[in-house]
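Q: predicted model and sequence below, questions to follow.
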Amino acid sequence: MEIILKQDVQNLGLKDDVVTVKDGYAANYLIPQGMAIMATPTAKKIHAENLKQRAHKEAKIRKDAEALAAKLNGITVKVAAKVSETGKVFGSVNNIQVAEALVALGHQIDRKDITLVGEDNLKQVGTYEASVKCYRDIKATVNVEVVAE
């Protein structure tokens, strides 16, 4: 029986794949669990149209993400923090402060999309790198400069 997967199924396929499985597996497990639908001619036409529309939307999102990554690459963000005489930060600087600094520069980036390269928190004055996830596989590198208040 041919089915269209509605979600990823281990050892079978990914979402939106059209696969052939045994009748019992489809009728007794995949379809009742909501993991798949039968691949009737009508369902195949609807599926093809959905894939076409999704590809168009995805191309636009990808283009916007690449433009954002090009803007962000190489930008330097200054984050002010209270420091001791030795240059050690009281507390630490993390992705939340970096996200706030990027918002101040006019870039709406979610803090969950920012990863400090090599470290979770910055505890010394200096320059560091942060990776900003713009889309699935599109990333930008931002320099984070921790300075004394």
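A: In hand now; what should we look at?

Q: so which bits of the top strand by length along the chain are buried?
A: The single longest strand within the chain, with elements called by DSSP state E, is strand 139-148. Neighbour-count burial for strand 139-148 flags K139, A140, V142, V144, V146 (criterion: 16 or more other C-beta atoms under 10 Å). From N, CA and C alone the C-beta is placed, and that goes for glycine too.

Q: beta-bridge partners for the residue nearest to L72 when sequence neighbours are not counted, please?
A: In space, L72 comes closest to A140 once its chain neighbours are excluded; the distance is 3.8 Å by C-beta to C-beta, 6 or more residues apart in numbering. Beta-bridge partners for A140, by DSSP bridges, are V132.

Q: next up, the contacts around A140.
A: Contact analysis of A140 by C-beta atoms under 8 Å, 6 or more residues apart in numbering lists L68, A69, A70, K71, L72, N73, S131, V132, C134.

Q: now distance to N95 too, for these, in a markdown table please.
A: Shown next, in a markdown table, are those (distance: C-beta to C-beta, whole Å):
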| residue | distance to N95 |
| --- | --- |
| L68 | 17 |
| A69 | 17 |
| A70 | 21 |
| K71 | 19 |
| L72 | 14 |
| N73 | 18 |
| S131 | 10 |
| V132 | 10 |
| C134 | 15 |
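
Q: so what's T141 up against?
A: Counting by C-beta under 8 Å, 6+ apart, T141 makes contact with L72, N73, G74, V117, E129, A130, S131, V132.

Q: that concludes my questions; thank you for your assistance.
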